[in-house]
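Colleague: Got a predicted structure here, sequence first:
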Amino acid sequence: MVLNLAAFVAFGIDKARARRGDRRIPEARLLLLALAGGTPGAYAGRRVFRHKTRKQPFVTQLHAIAALQAAGLAYLAYRLP
């Protein structure tokens, strides 16, 4: 929950900084928040703030993280009794 909120807020802050022309949050940090468990917050931030929606390879990398996490959850669901 905290990581989702952090990712969501980070996308909002980065969008605001982009509009002002200020120093941005590195894409690697945004992806790390998603990888650490904030993927739903990252997707929500992309949608709400309309940020990083067409930027490649960022979009592909975020989708890959989500797919990896989904595969991991599916594996755990299958393996747990």
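Modeller: Yep, it's here. Numbering: from 1, shown residues only.
Colleague: Show me what the longest helix belonging to the chain is packed against.
Modeller: Secondary structure assigned by DSSP state H gives helix 58-79 as the longest helix of the chain. Helices and strands touching helix 58-79, by 3 or more Cβ pairs under 8 Å, 6 or more residues apart in numbering; DSSP states H and E, are helix 27-33, helix 39-49. For glycine as for every other residue, the C-beta is placed from the backbone atoms N, C-alpha and C.
Colleague: Residues contacting that helix, please?
Modeller: For helix 58-79, contacts defined as Cβ atoms under 8 Å, 6 or more residues apart in numbering pick out 27, 30-31, 34-35, 37, 39, 42-43, 46, 52-53.
Colleague: Can I get that helix in CSV, CA atoms only?
Modeller: This file holds the C-alpha atoms of helix 58-79, laid out as CSV (Å, rounded to 0.1, in the frame of the first residue of the first chain):
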residue,chain,number,x,y,z
PHE,A,58,9.7,3.2,-20.3
VAL,A,59,6.3,1.8,-21.2
THR,A,60,7.7,-1.5,-22.3
GLN,A,61,9.8,-1.8,-19.1
LEU,A,62,6.8,-1.0,-16.9
HIS,A,63,4.7,-3.6,-18.7
ALA,A,64,7.6,-6.1,-18.3
ILE,A,65,7.7,-5.5,-14.6
ALA,A,66,3.9,-6.0,-14.3
ALA,A,67,4.1,-9.2,-16.3
LEU,A,68,7.0,-10.5,-14.2
GLN,A,69,5.0,-9.7,-11.0
ALA,A,70,1.8,-11.4,-12.4
ALA,A,71,3.8,-14.5,-13.3
GLY,A,72,5.3,-14.6,-9.8
LEU,A,73,1.9,-14.3,-8.2
ALA,A,74,0.5,-17.0,-10.5
TYR,A,75,3.4,-19.3,-9.6
LEU,A,76,2.9,-18.7,-5.9
ALA,A,77,-0.9,-19.3,-6.2
TYR,A,78,-0.2,-22.6,-8.0
ARG,A,79,2.5,-23.8,-5.6
